[in-house]
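1. When you get a sec, could you give me coordinates for this:
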Amino acid sequence: MGRVYLCPIEVPFRVTIDRIGYAVGAAVAGNVRQGLYARGVEAFPDLPDGGVLLAESASEAQPGTNRIQWFTVPAVQLDAGLYFSGIQADDIAATFYRQVRYDSWNPLAGLTYPSMYYDHGYGPFTNPCPATTLSPRFYFAYLWVISIP
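-> Here you go, the predicted model:
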């Protein structure tokens, strides 16, 4: 409860977004918030640690199962590069569709960026992103592009 899961998202070219989404899991419980961090400071170029919070949603009730939930955020322009979508829930029963990284022992087997988490009481996201812990799971995150650029 309150743990922030972070999923890497590679943006291939400059875009403007105004929504962030995730794949809802099997349970319908509690409220969810989603945010977007820039990649970390120079010492952590492939992690969100120290990265600025670029967008954050309001708290919303988790909807029905097996669908994508979209959160409206203020429009933000993203340059090509690596970003980190964060998600948190206020109820331990809330679920997100996640993919287990079975290849986590082998950095050459497909998934090149790790996912992470940090512990945090449910509420506004920390800005900048604090130190994170590696996680063996990815959740499915989405960006809603409204323009290029």
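
2. Check this structure and tell me which residue is nearest its centre.
-> Ser85 (2.1 Å; Cα atoms, centre = their mean).

3. Contacts only, for that one.
-> Listed by Cβ atoms under 8 Å, 6 or more residues apart in numbering, the contact partners of Ser85 are Leu6, Cys7, Ile9, Ile20, Tyr22, Gln34, Gly35, Leu36, Tyr37, Ala141, Leu143. The way it works is simple: take the backbone N, C-alpha and C, and place the C-beta from them, glycine included.

4. doesn't Gly86 make contact with the third one?
-> Pointing back at Ile9 there. No - Ile9 is beyond contact range of Gly86, at 10.7 Å (criterion: Cβ atoms under 8 Å).

5. In terms of neighbours, single out the busier of the two.
-> Neighbours were counted for Ile9 and for Gly86 using other Cβ atoms under 10 Å; Gly86 has more, 29 against 18.

6. so the more buried one makes contact with Gln34?
-> Yes - between Gly86 and Gln34 there is a contact at 6.7 Å, judged by Cβ under 8 Å.

7. before we move on, back to that, any chance of the contacts of Ser85 in JSON lines, plus secondary structure and pLDDT?
-> Supplementary listing: the contacts of Ser85 in JSON lines, determined by DSSP: H, G, I helix; E, B strand; the rest coil; pLDDT from 0 to 100:
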{"residue": "Leu6", "secondary structure": "strand", "pLDDT": "91"}
{"residue": "Cys7", "secondary structure": "strand", "pLDDT": "88"}
{"residue": "Ile9", "secondary structure": "strand", "pLDDT": "89"}
{"residue": "Ile20", "secondary structure": "strand", "pLDDT": "92"}
{"residue": "Tyr22", "secondary structure": "strand", "pLDDT": "86"}
{"residue": "Gln34", "secondary structure": "strand", "pLDDT": "93"}
{"residue": "Gly35", "secondary structure": "strand", "pLDDT": "96"}
{"residue": "Leu36", "secondary structure": "strand", "pLDDT": "96"}
{"residue": "Tyr37", "secondary structure": "strand", "pLDDT": "96"}
{"residue": "Ala141", "secondary structure": "strand", "pLDDT": "84"}
{"residue": "Leu143", "secondary structure": "strand", "pLDDT": "90"}
